[in-house]
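Undergrad: Sequence first, predicted coordinates after that:
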Amino acid sequence: MKQAVIVSSLLIGGVLISACQPASDNKPAQNSTASATVSTTMASVQSPHHVASVAVASTVSPQTAQNGVPKQINWALVDSGIKPVDKASFKYPFALDSEPVKAYAEMYHVDNETSRYNLTVGMAVNEVLSKVLDQLGTAYVSHELTAGKNSAFVIHTAQQIAPSQYTYVFAEPFAKGLTIPVKIINDGKK
């Protein structure tokens, strides 16, 4: 019965929003937020099980454990399952004497080998970021890739996430087998 009330409320809300739109042959720019909300709402009523899961998900904060203790990142869910490779023998997409490698080396005062490695993993960090974001939800604040001899991928979060570290091994072909230290810092820094 509760699901029927939720579904009815969502449908009525969608109809009301649709009915409030001006009629015109020249389609004016729509409010994309309202359109997305209606589309999401309408899509979510396709299955009673899905509606129930949406209702439950909205009442429980995924970023904080039940007891109020900061949530630990489950690094097993982030792990790529790939074995690390030796970065000295890796076949990089950049030549050691290429302009991007030399420019990075000059800007960050590192050697060309470090520059080439940092450029390669820097272009691949979205792989690990997307996996971590799945667990952070709204506790995510910002991220950065530190430059220099010992680069790291730092993800800043709100206080409800516990600080931690992990060495991620890339799976995507561009950097497959290369590693980068990932640090979760709950300092709220943007």
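TA: Sure thing, it's come through.
Undergrad: Specify the local secondary structure of the residue lying closest to Ser151 once chain neighbours are set aside.
TA: The shortest distance from Ser151 to any residue other than its chain neighbours is 5.0 Å, reached at Asn118 (C-beta to C-beta, 6 or more residues apart in numbering). For every residue, glycine as well, the C-beta is placed using N, CA and C. With DSSP: H, G, I helix; E, B strand; the rest coil as the basis, Asn118 sits in helix.
Undergrad: cool, and Ile184?
TA: Assignment for Ile184 (three-state DSSP): strand.
Undergrad: Count the neighbours of it for me.
TA: 23 (other C-beta atoms under 10 Å).
Undergrad: Could you pull out the buried residues of stretch 90-107?
TA: Buried residues in stretch 90-107, counted by 16 or more other C-beta atoms under 10 Å: 92, 94, 98, 101, 104-105.
Undergrad: cool, stretch 129-146 as well?
TA: In terms of neighbour count (16+ other C-beta under 10 Å), stretch 129-146 has its buried residues at 129, 131-132, 135-136, 139-141, 143.
Undergrad: and if you look at stretch 176-186?
TA: Residues of stretch 176-186 classed as buried: 176-180, 182-186 (neighbour count, 16+ other C-beta under 10 Å).
Undergrad: In TSV: the residues you listed, plus distance to Ala158 and pLDDT.
TA: Listed next are the buried residues of stretch 176-186 as TSV, based on distance: C-beta to C-beta, whole Å; pLDDT from 0 to 100:
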residue	distance to Ala158	pLDDT
Lys176	32	97
Gly177	33	98
Leu178	30	98
Thr179	27	97
Ile180	23	97
Val182	17	97
Lys183	15	97
Ile184	11	97
Ile185	11	96
Asn186	7	95
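Undergrad: Now flag whichever of these is closest to Ala147.
TA: Ala147 lies nearest to Ile180 out of these, by C-beta to C-beta, at 12.5 Å.
Undergrad: closest to Gln160 among the buried residues of stretch 90-107?
TA: Set against Gln160, the nearest of the buried residues of stretch 90-107 by C-beta to C-beta is Tyr104 (35.5 Å).
Undergrad: contacting residues around the closest one?
TA: Neighbour list for Tyr104: 110, 115, 118-119, 147 [criterion: C-beta atoms under 8 Å, 6 or more residues apart in numbering].
Undergrad: And for Val85?
TA: For Val85, counting by C-beta under 8 Å, 6+ apart, the contacting residues are 176-178.
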